[in-house]
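[1] Next come a sequence and a model predicted from it.
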Amino acid sequence: MPELERRPPVKHEAVAVLKILGLKGGVDREVKTSCSNLGEKIGTSDQTVSRRLQSLESSDLIDREMAADGQWIKLTEEGERVLRNEYEEYRRIFEGATRVDLKGEVVSGMGEGEYYISLDGYQRQFQEKLGYEPFHGTLNVELDDDSVRARSAVNNADGVVIEEWENDERTFGALTCYEAEIGGVDGHLVKPHRSHYPEDMAEVIAPMKLRDELGLEDGDEVTLEVKLR
């Protein structure tokens, strides 16, 4: 779980443009629009809209193609993720959601979890902040499509932050841990602060080896109940 730079937050004015494009259908297909049309919707000038579209494109949040009488625009996967994060925040406001269920299949990892979880810099913080020493390894779950989308709620929730630390050789990245339960066993969903950490992969830590405790093998379907706060 090495540290990479976290993607900077998207500004509210940029989200407003994405929202208008999404309402036009830009999540599923290319939609034709113009700076003047978007400017009317948002209440700003054509020039300002043009600059915001350039910024969205350079941030890989939209794909667009210029036309003689406008431009064709479609949200990228990352642009859609930004809107889903917004949606999950409103859902928590109005529905008071307190947990989200993530479903998927148990898969084998590359052994990196065992290495990183066992490091003193992480173990010390796990014990201080989570109250237990995790088993030296993670249970890896490949999430289904619905759970990948539902995971946006987790990403916007508060968790326990395990700070970055360093030794004489390198710096090790920060993590956020979210309270979770799997098969009746309490643990934590771990989210490294990577900029491109795969959204379809969930890594879970617990005081014991979850595979043995729950009798799990690769391919077994599991549900991870993540508590939101």
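    That came through fine.

[2] same for the longest helix seen in the chain, what does it pack against?
    Longest helix of the chain, by residue count under DSSP state H: helix 77-95. On a contact count with 3 or more C-beta pairs under 8 Å, 6 or more residues apart in numbering; DSSP states H and E, helix 77-95 meets helix 12-23, helix 145-155. Every residue, glycine included, has its C-beta placed from N, CA and C.

[3] which is the next helix or strand following the first one?
    Downstream of helix 12-23, the next assigned helix or strand under DSSP states H and E is strand 31-33.

[4] Pull out the buried positions in that next one.
    Buried residues in strand 31-33, counted by 16 or more other C-beta atoms under 10 Å: 31, 33.

[5] other SSEs contacting it?
    strand 70-75.

[6] For the strand it packs on, give the mean pLDDT please.
    Confidence for strand 70-75, expressed as mean pLDDT, is 96.

[7] separation between V185 and L210?
    6 Å (C-beta to C-beta, to the nearest Å).

[8] Helix, strand, or coil at V106?
    Following DSSP: H, G, I helix; E, B strand; the rest coil, we place V106 in the strand state.

[9] What residues are bridge-paired with it?
    Beta-bridge pairing for V106 (DSSP bridges): V141.

[10] start the count at 4, not 1, going forward
    Sure thing, new numbering starts at 4, so read that last one as V109.

[11] Do I have it right that it meets L217?
    No. Checked against C-beta atoms under 8 Å, the pair V109 and L217 is beyond contact range at 9.1 Å.

[12] Show me the common contact partners of the two, please.
    V225 (C-beta atoms under 8 Å, 6 or more residues apart in numbering).

[13] show me what contacts I165?
    125, 128-129, 132, 177-180.

[14] Can I have the buried ones of those residues as a PyMOL selection?
    Of the contacts of I165, the buried ones can be selected in PyMOL as follows, counting by 16+ other C-beta under 10 Å:
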select buried, resi 125+128+129+177+178+179+180
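
[15] Give me the pLDDT value at the residue nearest the centre of the chain.
    Geometric centre of the chain, nearest residue: N158, 4.7 Å, by C-alpha atoms, centre = their mean. Predicted confidence (pLDDT) for N158: 79.

[16] before we move on, what about the one 5 residues further on?
    Per-residue confidence at V163 stands at 96 (pLDDT).

[17] That one - nearest residue in space that isn't next to it in sequence?
    Excluding its sequence neighbours, the residue lying closest to V163 (C-beta to C-beta, 6 or more residues apart in numbering) is C180, at 4.5 Å.
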